[in-house]
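In: What follows is a protein structure lacking sequence information:
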(Lines give C-alpha, C1' and ligand atoms only; values in the text may rest on other atoms or scores of the structure.)
Protein backbone atom coordinates (compact mmCIF):
# COMPACT_ATOMS: atom_id res chain seq x y z
CA UNK A 1 0.00 0.00 0.00
CA UNK A 2 1.33 3.45 -0.95
CA UNK A 3 0.14 6.69 0.67
CA UNK A 4 0.26 9.92 -1.34
CA UNK A 5 -0.47 13.40 0.02
CA UNK A 6 -1.36 16.50 -1.96
CA UNK A 7 -1.40 19.96 -0.38
CA UNK A 8 -3.49 23.04 -1.22
CA UNK A 9 -4.22 26.36 0.44
CA UNK A 10 -7.31 28.51 0.70
CA UNK A 11 -8.60 31.45 2.70
CA UNK A 12 -12.04 31.72 4.24
CA UNK A 13 -13.91 33.55 6.95
CA UNK A 14 -16.38 32.24 9.50
CA UNK A 15 -17.84 32.74 12.94
CA UNK A 16 -18.87 30.35 15.69
CA UNK A 17 -22.44 30.53 16.93
CA UNK A 18 -24.96 28.06 18.28
CA UNK A 19 -28.62 29.19 18.17
CA UNK A 20 -29.37 26.89 21.10
CA UNK A 21 -27.03 28.91 23.35
CA UNK A 22 -27.85 32.23 24.93
CA UNK A 23 -25.85 35.27 23.83
CA UNK A 24 -23.85 34.96 27.03
CA UNK A 25 -23.12 31.26 26.44
CA UNK A 26 -22.02 31.92 22.86
CA UNK A 27 -19.70 34.67 24.08
CA UNK A 28 -18.31 32.55 26.94
CA UNK A 29 -17.74 29.45 24.81
CA UNK A 30 -16.63 31.02 21.53
CA UNK A 31 -15.21 34.38 22.65
CA UNK A 32 -13.99 36.57 19.79
CA UNK A 33 -14.89 33.79 17.33
CA UNK A 34 -18.57 34.61 18.02
CA UNK A 35 -18.32 37.96 16.21
CA UNK A 36 -21.19 37.84 13.64
CA UNK A 37 -19.01 39.72 11.15
CA UNK A 38 -16.61 36.79 11.22
CA UNK A 39 -12.86 36.49 11.06
CA UNK A 40 -10.58 34.84 8.54
CA UNK A 41 -7.97 32.13 8.27
CA UNK A 42 -5.47 31.00 5.70
CA UNK A 43 -6.03 27.26 5.70
CA UNK A 44 -3.68 24.55 4.49
CA UNK A 45 -5.33 21.36 3.30
CA UNK A 46 -3.56 18.02 2.97
CA UNK A 47 -5.40 15.17 1.30
CA UNK A 48 -3.87 11.71 1.62
CA UNK A 49 -4.98 8.86 -0.60
CA UNK A 50 -3.86 5.25 -0.54
CA UNK A 51 -3.72 2.47 -3.06
CA UNK A 52 -1.60 0.11 -5.04
CA UNK A 53 0.78 1.40 -7.67
CA UNK A 54 -0.59 0.78 -11.15
CA UNK A 55 2.06 -1.25 -12.98
CA UNK A 56 1.40 0.45 -16.31
CA UNK A 57 1.42 4.10 -15.17
CA UNK A 58 3.51 3.85 -12.01
CA UNK A 59 0.87 5.97 -10.21
CA UNK A 60 -1.34 5.39 -7.21
CA UNK A 61 -3.46 8.18 -8.66
CA UNK A 62 -2.99 10.71 -11.44
CA UNK A 63 -1.85 13.82 -9.54
CA UNK A 64 -3.56 16.14 -11.99
CA UNK A 65 -6.88 14.38 -11.46
CA UNK A 66 -6.46 14.57 -7.67
CA UNK A 67 -5.63 18.27 -7.92
CA UNK A 68 -8.65 18.88 -10.16
CA UNK A 69 -10.99 17.15 -7.69
CA UNK A 70 -9.54 19.10 -4.75
CA UNK A 71 -9.87 22.37 -6.66
CA UNK A 72 -13.43 21.71 -7.80
CA UNK A 73 -14.82 20.28 -4.55
CA UNK A 74 -12.94 22.38 -1.99
CA UNK A 75 -10.91 25.32 -3.26
CA UNK A 76 -13.45 26.75 -5.71
CA UNK A 77 -16.26 26.15 -3.20
CA UNK A 78 -14.55 27.59 -0.11
CA UNK A 79 -11.70 29.92 -1.09
CA UNK A 80 -12.46 33.54 -0.23
CA UNK A 81 -15.92 32.60 1.03
CA UNK A 82 -17.74 33.27 4.27
CA UNK A 83 -18.29 29.66 5.30
CA UNK A 84 -21.42 30.31 7.40
CA UNK A 85 -23.14 32.24 4.63
CA UNK A 86 -21.82 30.77 1.37
CA UNK A 87 -21.13 27.08 1.97
CA UNK A 88 -24.32 25.03 2.31
CA UNK A 89 -23.18 22.55 4.94
CA UNK A 90 -22.26 25.36 7.34
CA UNK A 91 -25.60 27.11 7.32
CA UNK A 92 -26.63 24.77 10.14
CA UNK A 93 -23.26 23.47 11.36
CA UNK A 94 -20.59 25.46 13.19
CA UNK A 95 -17.59 25.77 10.83
CA UNK A 96 -14.93 24.67 13.29
CA UNK A 97 -11.75 23.20 11.90
CA UNK A 98 -13.04 19.79 12.97
CA UNK A 99 -16.29 20.22 11.03
CA UNK A 100 -14.37 21.66 8.08
CA UNK A 101 -12.23 18.50 7.89
CA UNK A 102 -15.35 16.30 7.99
CA UNK A 103 -17.05 18.40 5.32
CA UNK A 104 -14.03 18.19 3.02
CA UNK A 105 -13.89 14.42 3.52
CA UNK A 106 -17.57 14.13 2.57
CA UNK A 107 -17.01 16.25 -0.54
CA UNK A 108 -13.96 14.28 -1.73
CA UNK A 109 -14.75 10.67 -0.79
CA UNK A 110 -17.36 10.01 -3.52
CA UNK A 111 -15.28 11.78 -6.19
CA UNK A 112 -12.17 9.61 -5.95
CA UNK A 113 -12.32 6.67 -8.32
CA UNK A 114 -8.90 5.01 -8.32
CA UNK A 115 -7.25 5.69 -4.97
CA UNK A 116 -9.01 5.50 -1.61
CA UNK A 117 -9.26 8.57 0.58
CA UNK A 118 -7.17 7.92 3.69
CA UNK A 119 -6.91 11.23 5.56
CA UNK A 120 -7.94 14.86 5.40
CA UNK A 121 -5.74 17.23 7.39
CA UNK A 122 -6.74 20.88 7.78
CA UNK A 123 -4.35 23.42 9.27
CA UNK A 124 -6.02 26.50 10.72
CA UNK A 125 -2.70 27.94 11.87
CA UNK A 126 0.82 26.54 11.54
CA UNK A 127 0.53 24.92 14.97
CA UNK A 128 -3.13 23.81 14.91
CA UNK A 129 -4.42 21.09 12.63
CA UNK A 130 -7.17 18.49 12.56
CA UNK A 131 -6.86 15.01 11.07
CA UNK A 132 -9.98 13.19 9.89
CA UNK A 133 -9.90 9.55 8.82
CA UNK A 134 -13.54 9.09 7.93
CA UNK A 135 -14.93 7.63 11.15
CA UNK A 136 -17.70 9.87 12.43
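Out: Received, thanks. These numbers come from a predicted model, not from an experiment. Residues are numbered from 1 along each chain as shown.
In: so what does the longest helix along the chain touch, helix or strand wise?
Out: Counting by DSSP state H, the longest helix found in the chain is helix 97-108. Packing partners of helix 97-108 (3 or more C-beta pairs under 8 Å, 6 or more residues apart in numbering; DSSP states H and E): strand 39-51, strand 116-125, strand 128-132. C-betas here are computed from N, CA, C, even on glycine.
In: Quick one: distance of the longest one to the chain centre.
Out: Looking back up the chat, that one is strand 39-51. From the chain centre to the centre of strand 39-51 is a distance of 6 Å (C-alpha atoms, centre = their mean, to the nearest Å).
In: residues of it that come out buried?
Out: 41, 43, 44, 45, 47, 48, 49, 51 (16 or more other C-beta atoms under 10 Å).
In: now it against helix 97-108, angle please.
Out: 50 degrees (axes from the mean of the first three to the mean of the last three C-alpha atoms, to 10 degrees).
In: Please identify the pairing partners of strand 39-51 and their relative orientation?
Out: Applying DSSP bridges, strand 39-51 is found paired with strand 2-14 (antiparallel), strand 116-125 (antiparallel).
In: helices and strands around the helix or strand that comes right after it, which ones?
Out: Going down the chain from strand 39-51, the next helix or strand is helix 63-70, by DSSP states H and E. Using 3+ C-beta pairs under 8 Å, 6+ apart, the elements in contact with helix 63-70 are strand 2-14, strand 39-51.
In: re the thing from before, out of the strands paired with strand 39-51, the one nearest residue 95 is which?
Out: Between residue 95 and the strands paired with strand 39-51, the shortest gap by C-beta to C-beta is with strand 2-14, which sits at 4.2 Å.
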